[in-house]
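*Asks:* Sequence plus the predicted model coming up.
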Amino acid sequence: MTIAPPPTTGPARSTAPDLDWRTEVRRLAAEQDAVILAHNYQVPEIQDVADHVGDSLGLSRLAASADAGTIIFCGVHFMAETAKLLSPTKRVLIPDATAGCSLADSITAEQLRAWKAEHPGAVVVSYVNTTAAVKAETDICCTSSNAVDVIESIPSDTEILFCPDMFLGAHVKRMTGRDNIHVWLGECHVHAGISPDNLIGAVQDNPSAELYVHPECGCSTSALWLNSRGELPAERTTITSTQGMLDAARTTTADTVLVATEIGMLHQLRQVNDHTRFEAVNPQASCTYMKQITPAKLLASLQQGRDEVDVDPEIAERARSSVERMIAIGNPGSGE
């Protein structure tokens with residue numbers, strides 16, 4: 001039986017195909033003992049049909065604790081790998097195995113090994129937005145919300161190699177005041193594309209708005225600069241992870257909140273608070289890799305069992321250790 005998925009664009013569409021598609025997705029998931037996980041940056045149709053929506057690490061931890069034998073991870077490839085690391089005995093599927101990540105691709109295991117050789121004795125801290133092979137070369141992982149805690153758990157006289165996101169790395173250096181952190185010059189092309197000009201323009205157009213900024217963004221330093229100039233009061237600026245944005249959105253009474261992250265996040269923010277207007281700082285900040293996971297591909301994944309994600313056991317064991325060291329420090333918060 002083939003059910004046509006709903007279109008993902010256009011203001012008007014029939015509800016019948018949408019209902020048929022949803023019904024079939026949910027039927028197949030139940031039939032196959034599968035839990036459907038959707039990242040915050042997925043298209044709304046995928047988010048709305050999923051069992052859980054969230055950040056990559058939070059979803060991977062949910063996958064590990066779920067009773068389901070199959071995990072359908074609607075996100076990019078490194079996220080499905082992380083789910084497999086934490087759920088080694090479960091089948092993990094991603095609807096499109098070619099859905100990559102410019103940030104994760106900005107450093108390879110070979111490059112990290114060479115960097116480590118230049119700094120013997122340094123501790124490697126890697127953002128969870130990395131491949132399993134890079135995690136295997138890492139001492140301890142971090143998330144955007146606990147990166148500062150991870151750094152502060154390392155003796156102050158110990159050299160640190162932080163990778164791969166240079167904006168998050170700059171944020172961590174600023175917050176900890178440490179000058180012995182070397183930062184890899186990697187970036188997420190979508191977050192890097194949310195520029196200071198985008199931010200300043202949005203703030204000028206909405207002078208009373210609150211501002212949520214992801215620390216991966218190229219404009220995060222500008223947000224602090226606007227604070228220091230008094231053009232944006234500190235109490236109206238939140239530099240935080242995607243989960244932090246959701247937490248803040250649930251309690252805000254602001255008329256407008258400007259959001260500096262991938263635009264898929266707006267759907268979740270609007271779901272938890274329908275009284276506030278959430279607007280993107282850069283409406284073009286859309287990740288094409290995330291959008292590779294379409295309703296049609298989700299349905300095909302359930303129908304055909306594609307694409308299965310696996311990790312070499314030796315790499316998986318070492319990579320899992322770097323994630324577990326992070327979790328041992330305390331609440332890892334958000335994956336992004």
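*Replies:* Structure's in. What do you need? Residues are numbered from 1 along each chain as shown.

*Asks:* for the stretch 51-200 of the chain, which spans come out with low pLDDT?
*Replies:* Low-confidence segments of the stretch 51-200 of the chain (pLDDT under 70): none present.

*Asks:* measure stretch 114-123 end to end?
*Replies:* End-to-end span of stretch 114-123 (CA to CA, to the nearest Å): 14 Å.

*Asks:* how distant is that stretch from the center of its chain?
*Replies:* 27 Å (CA atoms, centre = their mean, to the nearest Å).

*Asks:* Give the buried residues for that stretch.
*Replies:* In terms of neighbour count (16 or more other CB atoms under 10 Å), stretch 114-123 has its buried residues at 115-116, 122-123. Quick note: C-beta positions are derived from backbone N, CA and C, even for glycine.

*Asks:* can you tell me which of those are in helices?
*Replies:* 115-116 (DSSP state H).

*Asks:* Closest to P313 out of the buried residues of stretch 114-123?
*Replies:* Of all those, K116 has the smallest distance to P313: 22.6 Å, by CB to CB.

*Asks:* got the residue ranges for the strands in the stretch 101-250 of the chain?
*Replies:* Secondary structure of the stretch 101-250 of the chain by DSSP state E, counting those that start in this stretch: the strands cover 123-127, 140-142, 160-163, 181-183, 210-213, 237-239.

*Asks:* Can you spell out which helices and strands pack onto the longest one?
*Replies:* In other words, strand 123-127. Packing partners of strand 123-127 (3 or more CB pairs under 8 Å, 6 or more residues apart in numbering; DSSP states H and E): helix 109-118, strand 140-142, helix 147-152, strand 160-163.

*Asks:* which helices and strands sit right next to the third one?
*Replies:* With contacts defined as 3+ CB pairs under 8 Å, 6+ apart, the packing partners of helix 147-152 are strand 123-127, strand 140-142, helix 166-176, helix 313-329.

*Asks:* Serialize these to a markdown table and add fields for distance to V148.
*Replies:* Converted to a markdown table, the helices and strands packed on helix 147-152 look like this (distance: least, CB to CB, whole Å):
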| stretch | distance to V148 |
| --- | --- |
| strand 123-127 | 11 |
| strand 140-142 | 9 |
| helix 166-176 | 5 |
| helix 313-329 | 11 |
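
*Asks:* so who does the nearest residue to P196 once chain neighbours are set aside touch?
*Replies:* Using CB to CB, 6 or more residues apart in numbering and skipping the chain neighbours, the partner closest in space to P196 is S222 (3.8 Å). For S222, the set of contacting residues under the criterion of CB atoms under 8 Å, 6 or more residues apart in numbering consists of 196, 199-200.

*Asks:* picking that back up, the helices and strands packed on strand 123-127 into a markdown table, with extra columns for distance to A63?
*Replies:* What follows is the helices and strands packed on strand 123-127, written out as a markdown table (distance: least, CB to CB, whole Å):
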| stretch | distance to A63 |
| --- | --- |
| helix 109-118 | 24 |
| strand 140-142 | 17 |
| helix 147-152 | 22 |
| strand 160-163 | 25 |
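
*Asks:* I'd like to know which of the ones you listed lies nearest to S228.
*Replies:* Proximity of the helices and strands packed on strand 123-127 to S228 was assessed by CB to CB; the nearest stretch is helix 147-152, lying at 19.7 Å.

*Asks:* Next, the buried residues of the closest one.
*Replies:* Applying a neighbour-count criterion of 16+ other CB under 10 Å, one finds 147-151 buried in helix 147-152.

*Asks:* and what of stretch 91-107?
*Replies:* Neighbour-count burial for stretch 91-107, with 16+ other CB under 10 Å as criterion, is recorded at 91-96, 99-107.

*Asks:* Neighbours of the closest residue to C287 other than its chain neighbours, how many?
*Replies:* Sequence neighbours aside, V190 is the residue nearest to C287 in space, at 4.8 Å (criterion: CB to CB, 6+ apart). A count of neighbours around V190, defined by other CB atoms under 10 Å, yields 25.

*Asks:* what do you get for Y289?
*Replies:* Here the count is done by other CB under 10 Å, and Y289 has 21 residues near it.

*Asks:* For stretch 128-142, measure first residue to last.
*Replies:* In terms of CA to CA, the two terminal residues of stretch 128-142 are separated by 6 Å.
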